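> Test case, fold it:
(2 chains)
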Amino acid sequence: MILHPTVIANLLASLTVSGMILYSAYYGLQIVRHWDLSSGSELQLTLERRTYLISTILSYVFGLELLSLFLYVFTADSLCPLFVGAMCAAGTLNVNGFGYPALLLKMFDFFLAGLWLILNHADNQAWDYPLIRKKYLLLVVIAPFIVGEMVLQCAYFLKMKANVITSCCGSLFSSERVEGLGSEIAALSPQTMLWMFYVSVAVTIVAGIHFYLRQRGGYLFSALAIITFFVSIVAIISVISLYIYELPTHHCPFCVLQKEYHYVGYLLYLALFGALVSGGGVSALIPFRTIESLRTVIPALVRKLALASVVLYSLFTATVTYRIAVSHLIM
Amino acid sequence: MIELVNVRKVFNAGRPAEFTALSGVNLSIESNKVTVLIGPSGSGKTTLLSIIGCMSRPTAGRVQLAGREITSLPERFLTDIRRKTFGFIFQQHNLIKGITALENVMLPAYPLGERHVPLKQRAMKLMEDLHLSDKAESKVEWLSGGEAQRVGIVRALINNPSTIIADEPTAHLDTQLSHRFLGIVKRFKEERKTVLITTHDPLVYDDPVIDRIIRLRDGRLEVERR
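I've put the predicted structure just below:
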């Protein structure tokens, strides 16, 4: 199983990211402890030079981390013919106890990696490294999660057994089953969830445009962007998937990634996760807008992030609305 | 004012070939004056010049330019300072072969995004000032040593820097051309530019245009003359 090309790619990506993050976190800790811009000591100048290397490495490594979430899901999806009972990634991820925890941790790490990249970008715009301690402190916080993700991912791929009979997505995300988070979400009222989804997206987009134009309500917009992400995930399972599959009982959030549905899931999830990170990034940066060297940088950057989040949520909503409009399912 | 505080530069640190080019240099260089760095080969003149000109970073110590600490600046900010504050005149001229003298002169201004027509007019005016108008369209490989050096000087002036840094500018010039170079330095001084020169040449450091002489040996400052 581990000789499957996508599994090798996942393991390599995971080991590379973890190794680089640990290396960077080690120097990050030194920066957090010893950074003193007023000093001209050899250690300080070494740290200043080192930070260019570390932040360049991390930009690529976190970029890989962002991509690896989609690679992981793609791998789970492409391995499903190897397991009895699996019809898509939902079944493959269920072949042992590590698949879903690894996925959830990867999603969490995606958000953290995105926030780090945003902080790093803002810090690089200023001449006096105003966020250097914060971003390396965040790196030290992120490192254990990334290593945990690598451990879970390795355990998941290495402990795959071909003779395991797994559950299919129809069983894991069934509105008729009474146990399991997936089934509980699937059992929510589709009409109510559809309303909640559209209201949530509409309020977020309006808050985002208001923030973009007036530079007010940044924290509110950020909170709404995060809430809308979760509402959208629940809506995909509860109602959006039904329209895409044109089946009133099929709630799987993974089948949308398959060729039969024109890989629309990748577009939906890319937009959704992008909107989450850019929306969340607004509130991560706002506290630093009073720093002298960031006084002009942060307002422009948070506006761009808010705009990106609004555009991505609009793209997500437009895609969903289109699929609902052309669907033959009548609820 | 350029101020160096306890500047140290070590090459190949921690390796068998470790070499300390500068150790504990404390120095203030006044604005609008002509300062000369002298000393034997390997005394650290060029290293000091490259640190002042933001072309390399010290191993320890700080450099302040007009009160602003510049050694800690991220690279892209340093590029901006290099481009706008310093004009460099090199010993080997470092002109780009295959293009004309005028194009060589205009090259450092391209990243600033100035419109081509006013830039070309300014470049021609500067070339005219140094009697190079008739050489503007000549390829640089066709120029004599003195002409090539003057093209190098005009190139250093194209972004109107406040500080001119010249590394052994007369090393390849005969006496007459060296005197002509010192005449140009005098003009810089009249234009209230700060000039920093490294040299071995007594013709340069004994010239009355020089305000201050700083002697380096083994990476340390020795006696100063004014």
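> need the contact list for the closest residue to chain B within the stretch 51-200 of chain A.
Residue of the stretch 51-200 of chain A nearest chain B, by CB to the nearest CB: residue A:127 (4.8 Å). From N, CA and C alone the C-beta is placed, and that goes for glycine too. Taking CB atoms under 8 Å, 6 or more residues apart in numbering or on different chains, we find residue A:127 in contact with A:293, B:73, B:74, B:77.
> Now list the buried members of those residues.
Neighbour-count burial (16 or more other CB atoms under 10 Å in any protein chain shown) is assigned, among the contacts of residue A:127, to A:293, B:73, B:74.
> So which of those residues belong to helices?
Residues from the buried ones among the contacts of residue A:127 lying in helices, with DSSP state H as the criterion: none.
> Just name the closest of the residues you listed to residue B:184, please.
Of all the buried ones among the contacts of residue A:127, residue B:73 has the smallest distance to residue B:184: 30.4 Å, by CB to CB.
> and residue A:309, that one's in a helix?
Yes. The assignment for residue A:309 is a helix, going by DSSP: H, G, I helix; E, B strand; the rest coil.
> Residue A:117 versus that one, what's the distance?
Separation of residue A:309 from residue A:117 (CB to CB, to the nearest Å): 15 Å.
> So the residue most central in space within chain B, which state does it fall into?
Centroid check for chain B by CA atoms, centre = their mean gives residue B:165 as the closest residue, at 1.8 Å. Of the three states, residue B:165 takes strand under three-state DSSP.
> correct me, but it touches residue B:52?
Yes. Contact status for residue B:165 versus residue B:52: in contact at 6.9 Å, counting by CB atoms under 8 Å.
> Is there a neighbour count for residue A:238? I'd like the number.
Look at residue A:238: counted by other CB atoms under 10 Å in any protein chain shown, it has 27 neighbours.
> quick one: contacts for it?
By CB under 8 Å, 6+ apart, residue A:238 lies in contact with A:185, A:186, A:188, A:189, A:190, A:193, A:251.
> and chain B, which of its residues are near chain A?
Taking CB under 8 Å from any CB of the partner chain, the part of chain B that reaches chain A is made up of B:5-6, B:8, B:57-62, B:71-75, B:77.
> tell me the contacts of residue 192?
Unless you meant another one, I'm taking chain A. Applying CB under 8 Å, 6+ apart, no residues qualify as near residue A:192.
> My question was about chain B, not that one.
Residues near residue B:192 by CB under 8 Å, 6+ apart: B:31, B:32.
> ranges for the strands of chain B?
Taking DSSP state E as the test, the strands found in chain B are B:2-11, B:19-29, B:34-38, B:60-65, B:68-69, B:86-89, B:163-167, B:194-199, B:212-217, B:220-225.
> so which of these gets nearest residue A:135?
strand B:68-69 (21.3 Å).
> for the closest one, what is the average pLDDT?
The predicted model assigns strand B:68-69 a mean pLDDT of 88.
> Other residues contacting it?
Residues contacting strand B:68-69 (CB under 8 Å, 6+ apart): B:62, B:63.
> ok, back up a step: ok, residue A:309 and residue A:117, which is more surrounded?
Using other CB under 10 Å as the criterion, residue A:309 and residue A:117 rank with residue A:309 on top: 31 against 20.
> Go ahead and confirm that one touches residue A:275.
Yes. Assessed by CB under 8 Å, residue A:309 is found in contact with residue A:275 at 4.7 Å.
> For chain A, which residues are neighbours of chain B?
So chain A meets chain B at A:37, A:40-42, A:44-45, A:48-49, A:52, A:124, A:127-129 (CB under 8 Å from any CB).
> which of the buried ones among the contacts of residue A:127 has the weakest pLDDT?
Out of the buried ones among the contacts of residue A:127, that is residue B:74, at 86.
> The chain: helices as residue ranges?
Unless you meant another one, I'm taking chain A. So, for chain A - with DSSP H - the helices run A:5-34, A:42-78, A:89-92, A:99-125, A:132-158, A:169-172, A:181-186, A:190-214, A:218-235, A:241-245, A:264-285, A:297-326.
> was after chain B, sorry
B:45-52, B:75-85, B:101-106, B:116-129, B:145-157, B:175-190, B:202-205.
> can you pull the buried residues of the fourth one?
Yep, that's helix B:116-129 we're talking about. Neighbour-count burial for helix B:116-129 [16+ other CB under 10 Å]: B:119, B:120, B:122, B:123, B:124, B:126, B:127.
> For chain B, give me the ranges with low pLDDT.
B:223-226 (pLDDT under 70).
> same question, chain A
Checking chain A against pLDDT under 70 turns up A:1, A:175-179.
> Can you give me the domain boundaries for it?
A:1-167, A:170-331 (automatic domain parsing).
> returning to what we had before: out of the contacts of residue A:238, give me the one that has the most neighbours.
Busiest of those [other CB under 10 Å] is residue A:251, holding 29 neighbours.
> I'd like to check which residues are in contact with that residue.
Applying CB under 8 Å, 6+ apart, we find residue A:251 in contact with A:173, A:174, A:175, A:182, A:185, A:186, A:237, A:238, A:241, A:242.
> can you check residue B:139 too?
The contact partners of residue B:139, by CB under 8 Å, 6+ apart, come to B:97, B:98, B:99, B:100, B:101.
> was I right about the first one contacting residue B:141?
The reference is to residue B:97. Yes. Counting by CB under 8 Å, residue B:97 touches residue B:141, with 5.1 Å between them.
> re the thing from before, could I get the domains of chain A in TSV, plus columns for distance to residue B:47?
Below are the domains of chain A laid out as TSV (distance: least, CB to CB, whole Å):
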stretch	distance to residue B:47
domain A:1-167	15
domain A:170-331	30
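> Of all these, which one is nearest residue B:90?
domain A:1-167 (25.3 Å).
> neighbours around residue A:208, how many?
Other residues near residue A:208 come to 31 when the count uses other CB under 10 Å.
> how close does the closest residue to it other than its chain neighbours get to residue A:91?
Spatial nearest neighbour of residue A:208, chain neighbours left out: residue A:310 (3.9 Å); criterion: CB to CB, 6 or more residues apart in numbering or on different chains. Residue A:310 sits 36 Å away from residue A:91, taking CB to CB as the criterion.
> which of the two has more neighbours?
Counted by other CB under 10 Å, residue A:310 and residue A:91 do not tie: residue A:91 has more neighbours, with 27 against 24.
> Backbone dihedrals for the closest residue to that one other than its chain neighbours, please?
The shortest distance from residue A:91 to any residue other than its chain neighbours is 4.6 Å, reached at residue A:166 (CB to CB, 6+ apart). Dihedral pair for residue A:166: phi -100, psi 170, per degrees, to the nearest 10.
> Most widely separated two among the contacts of residue A:251?
Among the contacts of residue A:251, A:182 and A:242 lie farthest apart (CB to CB), at 14.3 Å.
> Now for residue A:309 and residue A:275: what residues contact both?
residue A:225.
> can you tell me which residues contact the closest residue to residue B:103 other than its chain neighbours?
The spatial neighbour of residue B:103 that comes closest, neighbours along the chain excluded (CB to CB, 6+ apart), is residue B:96 at 7.9 Å. Shown in contact with residue B:96 (CB under 8 Å, 6+ apart): B:103, B:104, B:107, B:140.
> Let me know whether residue B:143 touches residue B:151 as I believe.
Yes. Between residue B:143 and residue B:151 there is a contact under CB under 8 Å: 6.5 Å.
> what touches both of those two?
With CB under 8 Å, 6+ apart, residue B:143 and residue B:151 have common neighbours B:101, B:135.
> okay, the two: which has more neighbours?
residue B:151 (25 against 19).
> Excluding chain neighbours, what is closest to the more buried one?
Per CB to CB, 6+ apart, closest to residue B:151 is residue B:101, 4.7 Å.
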